[in-house]
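1. Here is a sequence with its predicted model. Questions after.
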Amino acid sequence: MADNLARLTREWLTKAVHDLQNARIVSATPDGPLDTAIYHCQQAA
């Protein structure tokens with residue numbers, strides 16, 4: 001059970017890192033849609 005919880009936690013943290021990366025990329029784009037960047041920030045949190 002602890003192994004499954006650890007695996008699931010790692011998967012969620014990986015998703016959070018990817019959301020944060022997406023937010024940074026989108027917000028750095030001159031005409032990037034900020035609502036999408038904000039969404040990814042919320043998902044990362």
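-> Yes, it's here. Numbering: from 1, shown residues only.
2. any idea which element the residue nearest to the spatial centre of the chain lies in?
-> Central residue of the chain (C-alpha atoms, centre = their mean): D19, 1.8 Å from the mean position. Secondary structure assignment for D19, by DSSP states H and E: helix 2-28.
3. That helix packs against which elements?
-> Applying 3 or more C-beta pairs under 8 Å, 6 or more residues apart in numbering; DSSP states H and E, one finds that helix 2-28 contacts helix 34-44. (Each C-beta comes from the backbone N, C-alpha and C, glycine too.)
4. So which bits of the helix it packs on are buried?
-> Residues of helix 34-44 classed as buried by neighbour count (16 or more other C-beta atoms under 10 Å): 37, 40-41, 44.
5. ok so, going back, going by neighbour count, which residues in the helix holding D19 are buried?
-> 19, 22-23, 26.
6. Output those as TSV; include the columns pLDDT.
-> Conversion of those to TSV gives the following (pLDDT from 0 to 100):
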residue	pLDDT
D19	96
N22	96
A23	96
V26	95
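7. Pick out whichever of the residues you listed sits closest to L13.
-> L13 has its nearest neighbour among the buried residues of helix 2-28 in D19, at 10.6 Å by C-beta to C-beta.
8. residues contacting the closest one?
-> Each residue near D19 by C-beta atoms under 8 Å, 6 or more residues apart in numbering is listed here: 40-41, 43-44.
9. of all those residues, which two lie farthest apart?
-> C41 and Q43 (7.3 Å).
10. Quick check: the gap between the nearest residue to K15 once chain neighbours are set aside and P30.
-> Excluding the flanking residues, the one nearest K15 by C-beta to C-beta, 6 or more residues apart in numbering is Q43, at 7.7 Å. Using C-beta to C-beta, to the nearest Å, we find Q43 at a distance of 23 Å from P30.
11. how much space between T36 and D3?
-> 35 Å.
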